[in-house]
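A.B. asks: Fold the stuff below for me.
(2 chains)
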Amino acid sequence: MNWEIVIGLETHAQLSTKSKMFSGGSTAFGAPPNTQANAVDIALPGVLPVANKGAVERAIRFGLAVGGEKVINRRSVFARKNYFYPDLPKGYQISQYELPIVKGGEIRILTESGEKAIRLTRAHLEEDAGKSLHEAFQDKSGIDLNRAGVPLLEIVSEPDMRSAAEAVAYAKTLHALVRWIGICDGNMQEGSFRCDANVSVRRLGAPLGTRCEIKNLNSFRFLERAIEFEAKRQIEILKDGGKIIQETRLYDADKDETRSMRTKEEAHDYRYFPDPDLLPLEVSEKWIEEIKAKLPELPEAKRKRYQTEYALSPYDASLLTDTREKAEYFELVCRSLEGPAPKTVANWITGELSALLNDRGIDFSQLLISGKAFAKLLDRIKDGTISANVAKEVLHGMANGEGDADAIIVKRGLKQISDAGAIEKIVDEVLAANAKQVEDYRAGKGKAFNSLVGQVMKATQGKANPGQVNEILKRKLAG
Amino acid sequence: MLNASLKELSAALAQRKISSVELTRLFLERVEKLNGSLNAFITLDAEKSLAQARAADKRIAKGATQPLTGIPVAHKDIFVTRSWLTTCGSRILSNFVSPYDAHVIERFNGAGAVILGKTNMDEFAMGSSSETSFYGPVKNPWGQAYVPGGSSGGSAAAVAARMAPAATGTDTGGSIRQPAALSGVSGLKPTYGLVSRYGMIAFASSLDQGGPLAKSAEDLALLLNAMAGFDARDSTSVERVAEDYRRELDKPLAGLRIGVPKEHFGEGLAGDVGRAVGAALEEFEKLGAKRVPIGLPNSGLSVPAYYVIAPAEAASNLSRFDGVRYGHRAKEYRDLADMYRRTRAEGFGAEVRRRILIGTYVLSHGYYDAYYLKAQKIRRLIADDFVEAFKRCDVVVGPTSPTVAFKIGAKAADPVQMYLNDIYTIPANLAGLPGMSIPCGFGRDDLPVGLHIVGNYFSEAKMLNVAHQYQKATDWHQREPAGIQP
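C.D. replies: Predicted coordinates:
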């Protein structure tokens, strides 16, 4: 019996504004409790909200990135979502309900079977609540309102994903996109990007099953584990002839399970109505055009261009575009090259350079090697000054700030030996000293050749031009 | 001095005939004498008032004065005032001292005016009689058995009893105009958006508007000059060029078209009020104005629409009073829900609780379309009625309230009778139009009658002109209640 998992995600991306959604309070993370909550944030009597233009601008940027002008609502409305909770100072959250700022759009993800479009239902602006601290005080709860009023963009997808892997691919693509267009720092530990997953299961071809919502998944791993657990749980219930109850569930990472928070019957009646303190949000064509003009080339466009312009594979193109910094670095290196092909650049960036950044726990913005300098290094491989292996050593030197490629090659004496006479002399010595391998090679054992190459390289501390070594060795062994 | 106009007080201060300290003392003494019986003020703080008066005197000495410098003004206890108690007439805020000033308070402080005290009001401005205050009912200076109207009843009574030369109020459904009418003073509710609501504790955000109460239209103009103006902290504040609301005061009324809505002269209007208003209309004709019969056909729907919209907004606006961050909190409770329940049950009076319940009900799932959405449609129809009316007239004139002041307690048990007090004033709030009330005679038991003037959007200068010309021809606004027993 084949089961299908159906997943839709609701993602809260914290918009990277300096001040809050409806007040001038600071959004900086990690301040002592309640030091970044002003009169509006703590909802003193008489205060009023004023919408943050920067947050609206970022929401428009997002809309343009996922669907162009047509998905931007020229008129959207802030509404009040009413419920009581100590970390919700006004007793309501200002959100958008019937008329969100973005309606529609799509995110294209790469799956095992190729590209897939995940449709977006909407994206709307809202403010975050504060934080309740239940452990810090005996018999009491502490309330930290620093987060209260922080601007969020809630991005809601259609139930278009069919596996935990697809949901993760969507979340990762979305995560990359919001950072790419500079609207969210994407810091998941600090809660800047968090997902709720709506999960249901059905037999193939059957109508949609009853869904459960899993709240506050703040890592891709938790997202994957939670969906897998939840789908399995639902399938088991249905197999046993049971029914799924629509409810909100919480993922417990320690136990790797989801558990019930509240059922549909216990759900709040939020009594949404348009916030009379805020006028409808009107967005002019001119403003949209201005924002569009400043929008960077998007990852999807870059991926396509890399395939046609640089003849890269879809896989390479997608690896290079997982962050804007990486893609821009790649393009800068390509522009500065004299010799090598973009494919070589791609291999270096996605291979050795990415590994180096990973090891050092830094990103492209902290890399001490300019795109131009990196291009120079690749040129030195191409022109035979150094081998690819030696280039790796030079690369680490450059990352340590020891200077450019040429300086390090000279300083460390890494220049490749390309003098045929010198190499021939060493080859002769190696052949003389390794009669056994020569015999093996001639007997048809290919492996012996590699061993001989290794001996030559060792004798030259890796500086012999590998192409020449190959060629000379082959000639001598044949002769 | 107690009867002087703001213009006269301003001149007396400028000419050093009196200092601000002396003037403030004079009114504080008057307040001290009368407040025990009238209960018009919730909070008085002579030290703070006199400190401001001393600062004003210094300013006057330097010659850096504005028209209101040195003049004491009483503020409705709905405007948050730094370092003053601001209670909104409620137990739930009975311990609340604001760390910031409302925009209106900032404006008066900036003009050099003196805060005389914070006036009593219906709790959270919910009422038409100033009886629902946690601090007890306000008495009408014209007869202490009567209500002064509400919710700005403390401000109206203070001006009527000459305890303050001027006062501020707020008007959500008539809360400036109706007490002005019942207490025999002049009051103006400006166009929605003209006076910033920042720091004005919200009752119904889409209807609330601050405005002045004083003895004359001329005084109102001076006060409005100080109160009006754009404020970026209020998204509904209107950005427009500042005007001098006195500029049209002296224009003759010849050719003025006065719209008289037949719906405001029908069933429910008391005979004494009708007669006084009728006489006022004749007076206008003598001044050269023309009467134009108009219709406000949807006027009758205004009270039901209002009692959906205002409680809906209020229920949400008052959610912040939860005992968590400030204000009253119940002493004992079992858990969080119990803390909310007890705090709010103890903190809010019966009328506030009633409106929270109504508001919660009309917004609840499945009822939104039938109540809130429908009320919003009616609101549009009522605004459209005025658009039609103002094609044919310059101002709409009628009674402010269907009756003169009623006895304290008379309508307390019947909320619908109480709500009908505002039947003529509510349409202006729903439409966002400016409205004012000025004294136009006396009715039953020698109680004052108010004349209601509604103008088109931002036509405050024109309305003040109409009222001022009337007040030049009549002396109703100069009458003062006699024999107030301290």
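A.B. asks: Point out where chain B drops to low pLDDT.
C.D. replies: For chain B, the stretches flagged by pLDDT under 70 are B:485-486.
A.B. asks: Which residue would be the closest one in it to chain A?
C.D. replies: When scored by C-beta to the nearest C-beta, chain B has residue B:319 as its residue closest to chain A, at 2.4 Å. To be clear about C-beta, it is placed using only N, CA and C from the backbone, and glycine gets the same treatment.
A.B. asks: So what's the residue count around that residue?
C.D. replies: Neighbourhood size, residue B:319 [other C-beta atoms under 10 Å in any protein chain shown]: 22.
A.B. asks: I'd say residue B:73 and residue B:115 touch.
C.D. replies: Yes - counting by C-beta atoms under 8 Å, residue B:73 touches residue B:115, with 6.9 Å between them.
A.B. asks: between these two, who's got more neighbours?
C.D. replies: Taking residue B:73 and residue B:115 together and counting by other C-beta under 10 Å, residue B:73 has the greater number of neighbours (27 against 24).
A.B. asks: Could you check how far the more buried one is from residue A:206?
C.D. replies: As for residue B:73, its distance to residue A:206 is 72 Å (criterion: C-beta to C-beta, to the nearest Å).
A.B. asks: for residue A:411, same thing?
C.D. replies: Between residue A:411 and residue A:206 the distance is 69 Å, computed by C-beta to C-beta.
A.B. asks: same thing with residue A:182?
C.D. replies: Taken as C-beta to C-beta, the spacing of residue A:182 relative to residue A:206 amounts to 42 Å.
A.B. asks: So for the two, which sits in the more crowded spot?
C.D. replies: For residue A:182 versus residue A:206, neighbours defined as other C-beta under 10 Å are more numerous around residue A:182 (14 against 10).
A.B. asks: wait, what's in contact with the nearest residue to that one once chain neighbours are set aside?
C.D. replies: Nearest residue to residue A:182 in three dimensions, chain neighbours excluded: residue A:16, at 6.9 Å (C-beta to C-beta, 6 or more residues apart in numbering or on different chains). Shown here is residue A:16, whose contacts under the criterion C-beta atoms under 8 Å, 6 or more residues apart in numbering or on different chains are A:58, A:182-185.
A.B. asks: Which secondary structure state is assigned to residue A:16?
C.D. replies: Recorded secondary structure, residue A:16: coil (DSSP: H, G, I helix; E, B strand; the rest coil).
A.B. asks: what about residue B:305, helix or strand, and which?
C.D. replies: Counting by DSSP states H and E, the secondary-structure element that holds residue B:305 is helix B:302-317.
A.B. asks: next helix or strand past that helix?
C.D. replies: Under the assignment DSSP H and E, the closest C-terminal helix or strand after helix B:302-317 is helix B:336-347.
A.B. asks: Can you give me the buried ones in the helix or strand just after that next one?
C.D. replies: The helix or strand immediately downstream of helix B:336-347 is helix B:350-363, counting by DSSP H and E. Neighbour-count burial for helix B:350-363, with 16 or more other C-beta atoms under 10 Å in any protein chain shown as criterion, is recorded at B:351-353, B:355-356, B:358-360, B:362-363.
A.B. asks: what about the following helix or strand past helix B:350-363 and chain A, any contact?
C.D. replies: Moving toward the C-terminus from helix B:350-363, the next helix or strand (DSSP H and E) is helix B:374-389. No - Helix B:374-389 lies apart from chain A when judged by C-beta under 8 Å from any C-beta of the partner chain; the minimum separation is 8.8 Å.
A.B. asks: Can I get helix B:374-389 in CSV, CA atoms only?
C.D. replies: Backbone C-alpha positions of helix B:374-389 (Å, rounded to 0.1, in the frame of the first residue of the first chain) are rendered in CSV as follows:
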residue,chain,number,x,y,z
LYS,B,374,-22.6,45.4,8.3
ALA,B,375,-22.0,48.2,10.8
GLN,B,376,-19.1,49.4,8.6
LYS,B,377,-21.4,49.5,5.6
ILE,B,378,-23.9,51.5,7.6
ARG,B,379,-21.1,53.8,8.6
ARG,B,380,-20.3,54.4,4.9
LEU,B,381,-24.0,55.2,4.2
ILE,B,382,-24.1,57.7,7.0
ALA,B,383,-21.0,59.4,5.7
ASP,B,384,-22.6,59.5,2.2
ASP,B,385,-25.6,61.2,3.7
PHE,B,386,-23.4,64.1,4.8
VAL,B,387,-21.7,64.2,1.5
GLU,B,388,-25.1,64.8,-0.1
ALA,B,389,-26.1,67.3,2.6
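A.B. asks: buried ones in it?
C.D. replies: Buried residues in helix B:374-389 (16+ other C-beta under 10 Å): B:374-376, B:378-379, B:381-383, B:385-386, B:389.
A.B. asks: Which SSE is immediately downstream of that helix?
C.D. replies: Counting by DSSP H and E, the next helix or strand C-terminal to helix B:374-389 is strand B:395-399.
A.B. asks: Check the offset of that next one from the chain's centre.
C.D. replies: Remark: strand B:395-399 is offset 18 Å from the chain centroid, using C-alpha atoms, centre = their mean, to the nearest Å.
A.B. asks: Packing partners of it?
C.D. replies: strand B:257-261, helix B:271-286, strand B:448-455, helix B:460-473 (3 or more C-beta pairs under 8 Å, 6 or more residues apart in numbering or on different chains; DSSP states H and E).
A.B. asks: Chain neighbours aside, what residue packs nearest to residue B:169?
C.D. replies: Taking C-beta to C-beta, 6+ apart as the measure, residue B:169 lies nearest to residue B:152, with 3.1 Å between them; neighbours along the chain are not counted.
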